[in-house]
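Enquirer: Take this sequence and fold it.
(one chain, ligands or ions: 1)
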Amino acid sequence: MIDKLVKNIQKTNAPIVVGLDPMLNYVPEHIQKAAFAEYGETLEGAGEAIWQFNKGIVDATYDLIPAVKPQIAMYEQFGIEGLKAFKKTVDYCKEKGLVVIGDIKRGDIGSTSTAYAVGHIGKVQVGSKTYAGFDEDFITVNPYLGTDGIKPFVDVCKEENKGIFVLVKTSNPSSGEFQDRLVDGRPLYEIVGDMVDKWGSDVIGESGYSAVGAVVGATYPEMGKVLRKVMPKSFILVPGYGAQGGKAADLVHYFNEDRLGAIVNSSRGIIAAYKQDKYAQFGAENYADASRQAVVDMIEDINGALDA
Ligand SMILES: O=C(O)c1cc(=O)[nH]c(=O)n1[C@@H]1O[C@H](COP(=O)(O)O)[C@@H](O)[C@H]1O
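Expert: Numbers count the residues shown, from 1 in each chain. Next up, the predicted model:
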């Protein structure tokens, strides 16, 4: 799957990910109205509204982008109906040829991590049959429990040709509380980076990149520069561009010299573009066209920084 991600990035010349994080208040009124007319103001109505909203954005952008990252929390808040919308979104994006990164941030003791891995990137056994539950291509994983909490994910990646992104240095303001602590003179995020390199060492694809990637926030560019060197074969998923303040010029060092190795996410900046002054002329009815323009602008911004 890492090789498909590389191919998609090369095909689109767009090292970006569109984050499908659909809050109900981003969904234009006409979509909410139609969904509520059919299902009422219910969890089912909300699920339908976010699914239709996503579909509009995917239809308007899929030819420009390599990948999407649906954040499961935005769906889980609507219970089972939200999860159905999550699954519909995953399947639809895959039909459109996109790589799907399920942002689920899981991680537990080994046996429980195995169940998460099976449910999201593997297959579950039911009697004589096997089924893929959610079937994303990649998922995000929390490394706090250490190697035995990560290994089940890596094993399933190997069996199923899938991938993971391990949280190494997150984009949020408090991320340094634990992640920047010095351990034997080195920040913890660097030690986690070393482990990512090690965990990925026997799942290297034809592209030379490993199925074990890392999450490093756009908001800490100096740390990104160091981590790029600590994990040379890992792709870095870079959230925090746009809405959280990350700038393209800061992200150049997250990439390798082959112009690969990083993929920059924007969620609110793309899916709620029509609410920004810059794209207000599109109006809520044409929210998906606003998202397309925001994607075009983001690609230009990042490629411009890489060319500079
Ligand atoms: O794993 C992530 O994607 C992630 C890690 C991190 O350090 N920071 C971070 O913002 N994210 C996710 O990236 C997305 C950022 O959304 P925007 O700030 O709207 O672009 C959200 O889905 C976050 O959950």
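Enquirer: Could you check stretch 272-279 against the ligand for contacts?
Expert: No. With C-beta under 6 Å from any ligand atom as the criterion, the ligand is not reached by stretch 272-279; the gap is at least 8.1 Å. Yep, even glycine has a C-beta here, placed from its N, CA and C like the rest.
Enquirer: what residues does that stretch touch?
Expert: 26, 28, 269, 280, 282-284, 286-287, 290-291, 293-294 (C-beta atoms under 8 Å, 6 or more residues apart in numbering).
Enquirer: Give me the buried stretch members for it, please.
Expert: 272-274, 279 (16 or more other C-beta atoms under 10 Å).
Enquirer: how many other residues sit next to residue 232?
Expert: Neighbourhood size, residue 232 [other C-beta atoms under 10 Å]: 12.
Enquirer: Am I right that it sits in a strand?
Expert: No. Going by DSSP: H, G, I helix; E, B strand; the rest coil, the assignment for residue 232 is coil, not a strand.
Enquirer: Need the nearest residue in space to it, chain neighbours excluded.
Expert: residue 256 (7.0 Å; C-beta to C-beta, 6 or more residues apart in numbering).
Enquirer: got a list of what that neighbour touches?
Expert: 228, 232, 262.
Enquirer: Would you pull up the residue in the stretch 1-150 of the chain closest to the ligand?
Expert: Across the stretch 1-150 of the chain, the shortest distance to the ligand (C-beta to the nearest ligand atom) belongs to residue 71, at 3.6 Å.
Enquirer: Would you mind naming the residues that bridge with that residue?
Expert: Going by DSSP bridges, residue 71 is paired in beta bridges with residue 103.
Enquirer: Hmm, it is touching residue 89, no?
Expert: No. If you go by C-beta atoms under 8 Å, residue 71 and residue 89 don't touch, sitting 10.7 Å apart.
Enquirer: The two: which is more packed in?
Expert: Between residue 71 and residue 89, counting by other C-beta under 10 Å, residue 89 is the more crowded of the two (24 against 21).
Enquirer: Would you agree the more buried one falls within a helix?
Expert: Yes. Assignment of residue 89 by three-state DSSP places it within a helix.
Enquirer: Show me which residues of the chain sit near the ligand.
Expert: Counting by C-beta under 6 Å from any ligand atom, the chain sits next to the ligand at 19, 21, 71, 103, 140, 170-172, 215, 217, 239-240, 242-244, 265-269.
Enquirer: which of those residues are buried?
Expert: Of the residues of the chain next to the ligand, these count as buried by 16+ other C-beta under 10 Å: 19, 21, 71, 103, 140, 170-171, 215, 217, 239-240, 242-244, 265-269.
Enquirer: For residue 263, see how far away the spatially most central residue of the chain is.
Expert: Geometric centre of the chain, nearest residue: residue 69, 3.4 Å, by C-alpha atoms, centre = their mean. Noted for residue 69: a distance of 9 Å to residue 263, by C-beta to C-beta, to the nearest Å.
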